[in-house]
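Peer 1: The following block contains a protein sequence and its predicted model.
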Number of protein chains: 2
Amino acid sequence: MSAREQRQVASGAGLSTRLVVAEAVRLADRDGADGLSMRRLAAELGLGAMSLYHYVANKDELLDAMIDVVFEEIELPPDDTDWQSAMRRRAVSARQVLARHPWAIGLIESRTSPGPANLRHREAVTACLRRAGFPVLMATHANWVLDSYVYGFALQESSLPFDTADELAELAEDVFLPQLPPDEFPYLNESAAALVAAGYDPAEEFSFGLDLVLAALEPLRDPA
Amino acid sequence: MSAREQRQVASGAGLSTRLVVAEAVRLADRDGADGLSMRRLAAELGLGAMSLYHYVANKDELLDAMIDVVFEEIELPPDDTDWQSAMRRRAVSARQVLARHPWAIGLIESRTSPGPANLRHREAVTACLRRAGFPVLMATHANWVLDSYVYGFALQESSLPFDTADELAELAEDVFLPQLPPDEFPYLNESAAALVAAGYDPAEEFSFGLDLVLAALEPLRDPA
DNA sequence: TAGTACAGCGTACGACGTACGGTGTACGAA
DNA sequence: TTCGTACACCGTACGTCGTACGCTGTACTA
């Protein structure tokens, strides 16, 4: 029995590994990945720094657990609709969750062992694709394409310095365009202007690409 | 004139900001983002820690500069072919570069101001799409879809604990499958088995999704 | 010959993760 | 009632981090 499992069982009353990890997620949401330190987390919980090590083996394990909490928040593809609707539901949910916890995206790069929620998620998605008639290897391909799109979109979105169309318009005028001489960046200027005029909505932008990918995957199903 | 620009001009003989950043990239490639510290970087260059601050304002600026070096390595879309070939070239190049510098992916999340190479890259890609006949807003959409796919793929690839089909086969047998009880994860087991049997090549996997996306974008061009 | 840049460094401060060895309280057994 | 034990928790300390501050020495100019 590892130290971690031991603690998870114990202390039915007050603290628990789950609560510690949850508070860590809250802290990272508020202050970013760099703002999360064992000391600050402990202080937030009213503990001394070293007390955390009764619930978590080390910071690395804490980060792994935090990522798995994030995966837990992502909706699984429902199995009472067509596969496209199901995959859309879970993709949209994933984007929302990752936008809420942007630190998670940067963390994924450095941790290589998926947690239980992650595995459950992958199983559910693969199941949905297989039942929709995708051959085994096609389901793998579809999985890669969809996950790449979702993670990549979340990554890009998290690195944007604005969240809404209004903020974009403001920033474009005050910061971006002054940095983009029209003779050197004619196309970016054109795009920026068009984008400000048309309005920018991350959810819509996400939908566009998602529908494109889903439609492109459709013909790869086996005509069961 | 900022401290940084000042240094870039000075010291024509030995060190320069460019060399410092280049060495930082090498160090991050070798030891990961966490392995890069100002002291270690300085030591690698035969300097005291504080000497670095003659070339770089602070670590944050160093990280920004490192990311821009990475973007510099990515091939721009050539303009002597059809748009699909051009976008494929730059996407394949981007994947290769990001696989060489996986730390860059995790860094992107937390830095919001694109460097000059990044801007030049975006301009070139947008130009290619516009010239291929995509209307302004369609070009923006295409940009989002393609970049999302590329970054997302790179992110996933960097978080895989294996690089080749052989390593996958080995890990699957020794680590993955024992963790995946067949009754709980039937589809992941099926996928893993099929993947081991068929062999796994990241470049091929990348190509599959890339071609899918490119083909899906084709009809969105304006029939100029 | 004096003055001025500038590359480079030594020291120090506050924060970090965490190893190690405590302390107090709760509780079952004697 | 007493004692042993388990467990939640913590204080201190070590090595590392980024970097502020102020000092060297060298090279070159006036």
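Peer 2: Arrived safely.

Peer 1: Distance check, the residue sitting furthest away from the middle of chain A against chain B.
Peer 2: What lies farthest from the middle of chain A is A:D183; by C-alpha atoms, centre = their mean that is 37.4 Å. Computed as C-beta to the nearest C-beta, to the nearest Å, the A:D183 to chain B distance reads 11 Å. All C-beta atoms are positioned from the backbone trio N, CA, C, and that covers glycine.

Peer 1: sec struct for that residue, please.
Peer 2: With DSSP: H, G, I helix; E, B strand; the rest coil as the basis, A:D183 sits in coil.

Peer 1: The closest residue to A:G152 other than its chain neighbours: which element?
Peer 2: Nearest non-adjacent residue to A:G152, counting by C-beta to C-beta, 6 or more residues apart in numbering or on different chains: B:G152, 2.8 Å away. For B:G152, the element it lies in under DSSP states H and E is helix B:136-158.

Peer 1: Give me the buried positions along the helix or strand following that helix.
Peer 2: Per DSSP H and E, the first helix or strand lying C-terminal to helix B:136-158 is helix B:165-171. For helix B:165-171, a neighbour-count test (16 or more other C-beta atoms under 10 Å in any protein chain shown) marks B:L168, B:A169, B:L171 as buried.

Peer 1: and of those residues, the nearest to B:P178?
Peer 2: Comparing the buried residues of helix B:165-171 against B:P178 with C-beta to C-beta places B:L171 closest, at 10.6 Å.

Peer 1: Look at the nearest residue to the closest one once chain neighbours are set aside and report its pLDDT.
Peer 2: Leaving aside its sequence neighbours, B:L171 sits nearest to B:F162 (C-beta to C-beta, 6+ apart; 5.3 Å). pLDDT, B:F162: 88.

Peer 1: doesn't B:L168 make contact with B:F162?
Peer 2: Yes. Applying C-beta atoms under 8 Å as the test, B:F162 and B:L168 come out as touching, 4.7 Å apart.

Peer 1: Which residue is the nearest non-sequential neighbour of the spatially most central residue of chain A?
Peer 2: In chain A, the residue lying closest to the centroid (C-alpha atoms, centre = their mean) is A:L98, at 2.8 Å. By the measure of C-beta to C-beta, 6+ apart, the closest residue to A:L98 outside its immediate chain neighbours is A:A154, 3.8 Å from it.

Peer 1: How about A:S148?
Peer 2: Of all residues not flanking A:S148 in the chain, B:G152 sits nearest, at 3.5 Å (C-beta to C-beta, 6+ apart).

Peer 1: Check A:L45 too.
Peer 2: Using C-beta to C-beta, 6+ apart and skipping the chain neighbours, the partner closest in space to A:L45 is A:E23 (5.7 Å).

Peer 1: ok, now A:D222?
Peer 2: Residue nearest to A:D222 in three dimensions, not counting chain neighbours: A:G133, with 4.6 Å by C-beta to C-beta, 6+ apart.

Peer 1: any idea how far DNA strand C is from the one you found?
Peer 2: As judged by C-beta to the nearest atom of the strand, to the nearest Å, A:G133 and DNA strand C stand 47 Å apart.

Peer 1: Enumerate every residue touching that residue.
Peer 2: For A:G133, the contact set (C-beta atoms under 8 Å, 6 or more residues apart in numbering or on different chains) comprises A:W83, A:R221, A:D222, A:P223, A:A224.

Peer 1: so the third one makes contact with A:A132?
Peer 2: Yep, that's A:D222 we're talking about. No. Using C-beta under 8 Å, A:D222 makes no contact with A:A132, being 9.2 Å away.

Peer 1: Neighbour count for the two, which is higher?
Peer 2: A:A132 (20 against 10; other C-beta atoms under 10 Å in any protein chain shown).

Peer 1: okay, the closest residue to chain B within chain A: pLDDT?
Peer 2: Of all residues in chain A, A:G152 sits closest to chain B, at 2.8 Å by C-beta to the nearest C-beta. We have a pLDDT of 98 for A:G152.

Peer 1: Helices of chain A, start to end?
Peer 2: For chain A, the helices defined by DSSP state H cover A:3-9, A:17-31, A:38-44, A:59-73, A:83-100, A:102-108, A:116-131, A:136-158, A:165-171, A:177-179, A:186-198, A:202-217.

Peer 1: Can you add distance to B:D29 and give the ones you listed back as TSV?
Peer 2: Shown next, in TSV, are these (distance: least, C-beta to C-beta, whole Å):
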stretch	distance to B:D29
helix A:3-9	33
helix A:17-31	27
helix A:38-44	29
helix A:59-73	21
helix A:83-100	27
helix A:102-108	18
helix A:116-131	27
helix A:136-158	20
helix A:165-171	33
helix A:177-179	29
helix A:186-198	30
helix A:202-217	31
